[in-house]
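Colleague: Mind folding the following:
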Amino acid sequence: MIERESTNGIRSVLGNLVVYAFTIATSVAAFLWIRSIGSTLTPPEAGGTALQGSLTSRFDALPHVLLSLLAIIVTARLIGWLFRLIHQPAVIGEIAAGILLGPSLLGQMFPEAAAFLMPKEIAPYLGVLAQVGVILFMFLVGLELDTGLLSHRTGASVAISHASILAPFMMGTAAALWIYPRYAPGGVPFTPFALFLGVSLSVTAFPVLARILTDRGMHRTSLGVIALTCAAADDVTAWCLLALLVGVVNAEPGSGLVTAGLTVLFIAVMLLLRLLFQRLIQRQEGRGAMTQGGIAALLVALLVSALVTEWIGIHALFGAFLLGAVIPHDSSVARQARAKLEDLVVVFLLPAFFAFTGLRTQIGLVNGLEHWTVCAVIILLASAGKFGGSYVAARLTGLDSNTSASIGILMNTRGLMELVVLNIGLDLGILSPTLFAMLVIMALVTTFATTPVLQWLSSRARTSRSWAGSLTRAGSPRPARLDLAPKKTDS
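Modeller: Residues are numbered from 1 along each chain as shown. Presented below is the predicted three-dimensional model:
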C-alpha cells in the first residue's frame with residue numbers, strides 16, 4: 001500500500017515536470033516564431049529613434065542616480081551623526097553634507113570623484129526628487145503646526161512674533177539698497193528683490209527650533225511654549241508673505257491682484273474644509289490604523305492642494321503646507337501620517353534636497369574681501385534683526401533679560417526652512433548664484449550658533465539663580481523669571 005502511494009507520488013511529480021517542460025518549450029517556440037516574423041518588419045523611423053534614445057537615456061541615468069543617492073544618504077547620516085556628537089541638530093549636519101558633496105568642496109578638492117558621484121547630468125533627476133521631498137516635508141510641517149498656539153497666544157507672544165518678523169524684514173529691505181546694485185541678477189526689478197531679501201532674513205525654522213527645544217527638554221517650559229508660539233506665528237506670516245511675493249513675481253503685468261485674490265479664496269476654502277476634515281477625522285478616531293486607502297486619499301488631497309497653488313502661481317509648497325495645517329495636529333490621522341511618511345522624507349528625500357542645494361551652492365564664488373564683507377554684513381543683519389526685535393519686544397512685555405535673550409537666540413534658527421526659501425528665490429531668478437551662496441552661509445551660521453549660545457545662556461541663568469537664592473536667604477527679594485533650564489520630560 002505504501003509502495004503504491006509512493007509510486008503514484010513519483011508519477012505525479014514526473015507528470016507535472018513534463019507538463020511544465022512542455023509549456024516552457026511551447027512558449028519559447030512560439031516566441032521564436034513571432035520573432036522570425038517580426039524581424040522582417042520595419043519600424044517607423046521617427047518612433048524607433050525616439051524609443052531608442054529614451055531607453056538609452058534611462059539606462060544611462062539610472063545607475064548614476066542610484067550611485068548618487070547612495071553617496072548622499074551615507075554622507076548625510078554620517079555628518080548628521082557627527083553633528084549630534086557636538087550637540088547640534090542632525091539636520092544641520094545633513095545640510096552641510098549636501099554642500100560638501102557639491103562644487104564647494106568635493107568639486108574643488110576631488111573633481112574626478114565629484115564627476116563620478118555627482119555628475120551634472122543628474123541634476124534634473126535629483127531636482128525632481130528634491131521637489132517631491134520638500135512638498136512632503138512642508139505637508140509634515142503643517143501637520144506639526146499647533147494652530148491652537150496661534151489662537152491662544154499671550155500678549156508677549158503676539159508682540160515678540162510681530163517684532164521678530166518686522167525687524168529683520170525691514171533690515172533686509174534696507175540692506176537691498178546696498179546689495180541690489182552689486183549682486184542682483186540682470187533685469188530683476190528692485191521691489192521684488194528687496195521684498196525677497198527681507199523675507200529671507202525673517203524666516204524661522206519651526207521644525208529645527210522644536211527639535212532643539214525637545215532635545216534639551218525645554219519644549220514644556222514657559223520659555224519653550226513662548227518660543228514655539230512665536231515660531232509658529234513667524235512661519236505662517238513669512239510663508240504668506242512669500243506666497244504673495246511669488247505670486248506677484250510669476251504673474252503677468254496687471255494680474256497680480258488676480259493671483260492675490262485667488263490665494264485668499266484658496267485659503268478661505270481650505271479653512272472651510274478644515275471643518276469637514278475635523279468631522280471625518282472624528283469618525284476615524286478609535287478605528288485603529290489607517291488603511292492604504294486612507295493614506296491614498298490623503299496623498300490625493302495633498303497633490304490636489306499642491307497642484308492648485310501651483311496653478312494659482314504661488315508654488316506647490318504652500319498648498320502642501322496649508323493642507324497639513326488644516327488637519328488637527330493631535331489627531332490619529334496626523335500622527336499616523338507622520339509615522340508613515342516621516343522616515344521616508346527625512347532619511348531619503350530631504351538629503352536629496354540638501355544635495356541638490358549643494359550642487360547649486362558655490363562657496364568659491366564668495367571670494368575676496370569684498371564678498372566676505374558683504375556675507376558678514378548679511379549674517380550680522382539677520383542675527384541682529386531676529387535677536388534684537390525679539391529681545392526688545394520680550395523686555396517690553398516684562399520678561400527678564402536671560403529669557404528675552406534666549407527667545408532671541410531661538411528665533412534666529414533658520415536651517416532647512418531658509419534653504420527652501422532660497423531655492424525658490426534662485427528658481428525665480430531673484431537671487432544671483434553669489435548671493436545665493438552668501439545666504440546659504442548665513443542660514444548655516446545662524447542655525448549652528450543657536451545651540452552653543454543657548455547653552456551658554458542656560459548656564460548663565462543657573463548661575464544667576466544660585467546668586468538670587470543666596471540673596472534671598474540673606475533677606476533680599478528674589479526676582480521673578482521664566483524657567484530657562486532644561487527639564488527631564490516623559491517624551
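
Colleague: got a list of what the residue nearest to residue 322 when sequence neighbours are not counted touches?
Modeller: Spatial nearest neighbour of residue 322, chain neighbours left out: residue 270 (5.2 Å); criterion: CB to CB, 6 or more residues apart in numbering. Any C-beta I mention is one placed from the backbone N, CA and C, and that applies to glycine too. Applying CB atoms under 8 Å, 6 or more residues apart in numbering, one finds that residue 270 lies in contact with 305, 322-323, 326.

Colleague: Using CSV, lay out those together with neighbour count and pLDDT.
Modeller: What follows is those, written out as CSV (neighbours: other CB atoms under 10 Å; pLDDT from 0 to 100):
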residue, neighbour count, pLDDT
305, 26, 92
322, 27, 86
323, 26, 90
326, 21, 86
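
Colleague: Among those, which lie within helices?
Modeller: 305, 322-323, 326 (DSSP state H).

Colleague: Please name the nearest non-neighbouring residue to residue 417.
Modeller: Spatial nearest neighbour of residue 417, excluding adjacent residues (CB to CB, 6+ apart): residue 205 at 4.2 Å.

Colleague: tell me the pLDDT at the one you found?
Modeller: pLDDT recorded at residue 205 is 79.

Colleague: got it, and the one 10 residues further on?
Modeller: Turning to residue 215, the model gives it a pLDDT of 69.

Colleague: check contacts around residue 460.
Modeller: Contact analysis of residue 460 by CB under 8 Å, 6+ apart lists residue 402.

Colleague: Does it lie in a helix or a strand, and which?
Modeller: Residue 460 is part of helix 433-473, with elements assigned from DSSP states H and E.

Colleague: State the mean pLDDT of that helix.
Modeller: 78.

Colleague: could you point out where the stretch 51-200 of the chain is predicted with low confidence?
Modeller: When residues are selected by pLDDT under 70, those of the stretch 51-200 of the chain lie in 51-60, 147-155.

Colleague: Tell me, how many residues neighbour residue 115?
Modeller: For residue 115, the neighbour count with other CB atoms under 10 Å is 13.

Colleague: Could you check how far the helix or strand containing it is from the centre of its chain?
Modeller: Secondary structure from DSSP H and E places residue 115 in helix 111-117. Helix 111-117 has its C-alpha centroid displaced from the chain centroid by 27 Å (CA atoms, centre = their mean, to the nearest Å).

Colleague: buried ones in that helix?
Modeller: By 16 or more other CB atoms under 10 Å, the buried positions in helix 111-117 come out as 114, 117.

Colleague: That helix - contacts with which helices or strands?
Modeller: The contact analysis (3 or more CB pairs under 8 Å, 6 or more residues apart in numbering; DSSP states H and E) places helix 111-117 against helix 45-85, helix 106-109.

Colleague: how near is residue 64 to residue 123?
Modeller: The gap separating residue 64 from residue 123 is 11 Å, by CB to CB, to the nearest Å.

Colleague: Next: residue 319.
Modeller: 25 Å.

Colleague: Between the two, tell me which one has more neighbours.
Modeller: Between residue 319 and residue 123, counted using other CB under 10 Å, the more crowded position is residue 319 (29 against 16).

Colleague: what sits against that one?
Modeller: Applying CB under 8 Å, 6+ apart, we find residue 319 in contact with 266, 302, 305-310.

Colleague: Among those, name the buried ones.
Modeller: If you count burial by 16+ other CB under 10 Å, the buried members of the contacts of residue 319 come out as 266, 302, 305-306, 308-310.

Colleague: rewinding a little: got JSON lines for the ones in helices among the contacts of residue 270, with distance to residue 426 too?
Modeller: JSON lines is the format used below for the ones in helices among the contacts of residue 270 (distance: CB to CB, whole Å):
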{"residue": "305", "distance to residue 426": "24"}
{"residue": "322", "distance to residue 426": "23"}
{"residue": "323", "distance to residue 426": "25"}
{"residue": "326", "distance to residue 426": "29"}
